[in-house]
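Engineer: my questions are about this predicted structure, shown below with the sequence.
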Amino acid sequence: MPSPAYDPERELKDLEPWQRELREQFPIITGNSHLAYLDSAATAQKPQAVLDAVHTYLTTTNANAARGAYLWANRTTELVERTKDVVRHFLGDPEAGRRDARSGVHFTGGTTDGLRAVARDWLAGRLTDGDVILVPAADHRANHEPWLEVQRLLAARGVHITVRELPYQESSGDYDHRAFPGVVDPRTRFVAATHVHHVHGGDMNVHRIREAVGPDVPICLDAAQSVGHLPLSVARLDVDFVVFSGHKALALPGVGAVWSRDTRGPAFRPGGWQGTPNTVGIASLEAALRWLDAAGTDRIDRWTTALAARLTDALRRLPAYQVLGCQAGLAAGAAVQRRHGIVTFRHRDIPSDDLGFILDSHGLMVRADDLCQAGRTDGQGSVRVSVHVYNTVQEIDRLLTVLGELA
Ligand code: PLP
């Protein structure tokens, strides 16, 4: 996390030569420099290495995995197994590279699919009458609905569990750790949490959840906005499930993974017959994670965090705008920069969807709606700007020029 003396402008200057070289590797970005893609929290663009991996796989190796024993089938099976280890390595799993690794990697369709699989195929079979689970109620709907589905499923079988909301503080955009003791009790059996918030871009400090629930309660982490954006270490986070989407981490849509371990319960295994895996997606995921590793997730985080800081700092000087979450951090000199490449705001007079259209007419592609946030029923949208390694200072400044005119 940046220190209070953090200087985003210096970061941007230091990293600019490194970033310029990486940006060149994204054909959709360099081929459309009149546009600025500022919606990477929704989905990220793909570097040439990922496009090449997809092309190579489909033109040299394409076959089904774990079925058949001929050359291409074997190579595809190897690709799938190898990519599991690439995922382990990427997530800082100490068991990466070990033939006897006990941690599991299961490919899914994405985060939504992965969280639902953990809920249905692991959690539902482990809860008994009177158990309590803690779930986030102001995070992405993908990390809220599956847990309520478990509650309904069990209730239909006569098993009644309590679903409690993880206390959340709108003003800081973080969970309210001071209120944790009020929701944790000896019947707490599971916690679902988010690593980086998809609206506010803040790190949700999952270590505080671990402190509150103690060493025995499994934690499932929605890492949709952190994998591919910042270094992530499952060893340090001390969580039991990490769920993410490939497409937000520079790979193709339709592939994701559930990383899990069996230290606080049985191993996770998706239920029922597993059909053909998304082998092309897995090929893209292998290439994407290797590319991100070589680029350095630490530097990617520094770059995107500094771009977000530049935007937040400028918005703070424009009273027409209200930046959501982390309001406490907006005081001068404070760590407003604690946003991992995501900044969400509203104009005080212009409705957010109108603002989205205006920005689009200037070639600035942002997200403007309710951002799939659970519990958001006020009908008030917001505008989200989210960046990745290919975005530049000039793009943020182009955005700020238009926002400044509208202020
Ligand atoms: N969780 C978070 C935090 C997200 O930001 C998103 C997507 O925006 C999801 C889950 C759902 O991801 P997917 O649509 O890839 O399943």
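Structural biologist: Nice, I can see it.

Engineer: end to end on stretch 167-176, go ahead and measure it.
Structural biologist: End-to-end distance for stretch 167-176, by C-alpha to C-alpha, to the nearest Å: 5 Å.

Engineer: could you confirm whether it reaches the ligand?
Structural biologist: No. Stretch 167-176 stays clear of the ligand (C-beta under 6 Å from any ligand atom), getting no nearer than 13.0 Å. Just so you know, the C-beta spots here come from the backbone N, C-alpha and C atoms, and that holds for glycine as well.

Engineer: what is the mean pLDDT for that stretch?
Structural biologist: On average, the pLDDT along stretch 167-176 is 87.

Engineer: which residues are in contact with it?
Structural biologist: Outside stretch 167-176, the residues that touch it by C-beta atoms under 8 Å, 6 or more residues apart in numbering are 136-138, 166, 177-180, 182-183, 193, 197, 199-202, 204-205, 208-209, 324-329.

Engineer: for stretch 35-46, same thing?
Structural biologist: 26, 28-29, 198, 225, 228, 247-253, 284, 288, 341-342, 363-367, 384-388, 390-391, 395, 398-399.

Engineer: please pick the buried ones from those.
Structural biologist: When the contacts of stretch 35-46 are checked for burial by 16 or more other C-beta atoms under 10 Å, the buried set is 26, 29, 198, 225, 228, 247-252, 284, 288, 341-342, 364-367, 384-388, 390-391, 395, 398-399.

Engineer: filtering the contacts of stretch 35-46 by proximity to the ligand, which remain?
Structural biologist: Within those, those near the ligand by C-beta under 6 Å from any ligand atom are 198, 225.

Engineer: filter the contacts of stretch 35-46 down to the ones in strands?
Structural biologist: Secondary structure from DSSP state E places 342, 364, 365, 367, 384, 385, 386 of the contacts of stretch 35-46 in strands.

Engineer: got the contact list for the helix or strand hosting residue 235?
Structural biologist: Assigned by DSSP states H and E, residue 235 belongs to helix 234-237. The contact list for helix 234-237 (C-beta under 8 Å, 6+ apart) reads 91, 92, 93, 94, 103, 195, 206, 207, 221, 242, 259, 261.

Engineer: and the fourth one, how many residues sit next to it?
Structural biologist: In other words, residue 94. Other residues lying near residue 94 total 12 when counted by other C-beta atoms under 10 Å.

Engineer: and it, what's its pLDDT?
Structural biologist: At residue 94, pLDDT is 94.

Engineer: how about it, secondary structure?
Structural biologist: Per DSSP: H, G, I helix; E, B strand; the rest coil, the local secondary structure of residue 94 is coil.

Engineer: show me what contacts it?
Structural biologist: residue 235.

Engineer: from residue 296, how far out is it?
Structural biologist: For residue 94, the distance to residue 296 equals 20 Å [C-beta to C-beta, to the nearest Å].

Engineer: can you check the fifth one too?
Structural biologist: As defined by C-beta to C-beta, residue 103 lies at a distance of 24 Å from residue 296.

Engineer: skip the chain neighbours and tell me the closest residue to the residue in the stretch 301-407 of the chain positioned nearest to the ligand.
Structural biologist: Closest approach between the stretch 301-407 of the chain and the ligand, counting by C-beta to the nearest ligand atom: residue 372, at 6.1 Å. Of all residues not flanking residue 372 in the chain, residue 141 sits nearest, at 5.1 Å (C-beta to C-beta, 6 or more residues apart in numbering).

Engineer: now for that neighbour, how many residues are close by?
Structural biologist: 15.

Engineer: could I get the full set of helices for the stretch 251-400 of the chain?
Structural biologist: Assigned by DSSP state H, counting those that start in this stretch, the helices in the stretch 251-400 of the chain fall at 279-295, 297-316, 352-361, 393-406.

Engineer: a markdown table please, covering the ones you listed and showing mean pLDDT and distance to residue 74.
Structural biologist: Output for those, formatted as a markdown table (pLDDT from 0 to 100; distance: least, C-beta to C-beta, whole Å):
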| stretch | mean pLDDT | distance to residue 74 |
| --- | --- | --- |
| helix 279-295 | 98 | 13 |
| helix 297-316 | 94 | 32 |
| helix 352-361 | 97 | 48 |
| helix 393-406 | 98 | 45 |
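
Engineer: residue boundaries of the helices in the stretch 1-150 of the chain?
Structural biologist: Using DSSP H, counting those that start in this stretch, the helices of the stretch 1-150 of the chain run over 8-23, 27-30, 48-60, 71-90, 111-118, 145-156.

Engineer: right, and those helices - which one's nearest residue 309?
Structural biologist: Among these, helix 8-23 comes nearest to residue 309, with 3.7 Å by C-beta to C-beta.

Engineer: and that closest one, what does it pack against?
Structural biologist: The contact analysis (3 or more C-beta pairs under 8 Å, 6 or more residues apart in numbering; DSSP states H and E) places helix 8-23 against helix 297-316.

Engineer: for the helix it packs on, packing partners?
Structural biologist: Partner elements for helix 297-316 (3+ C-beta pairs under 8 Å, 6+ apart): helix 8-23, strand 321-323, strand 342-347, helix 393-406.
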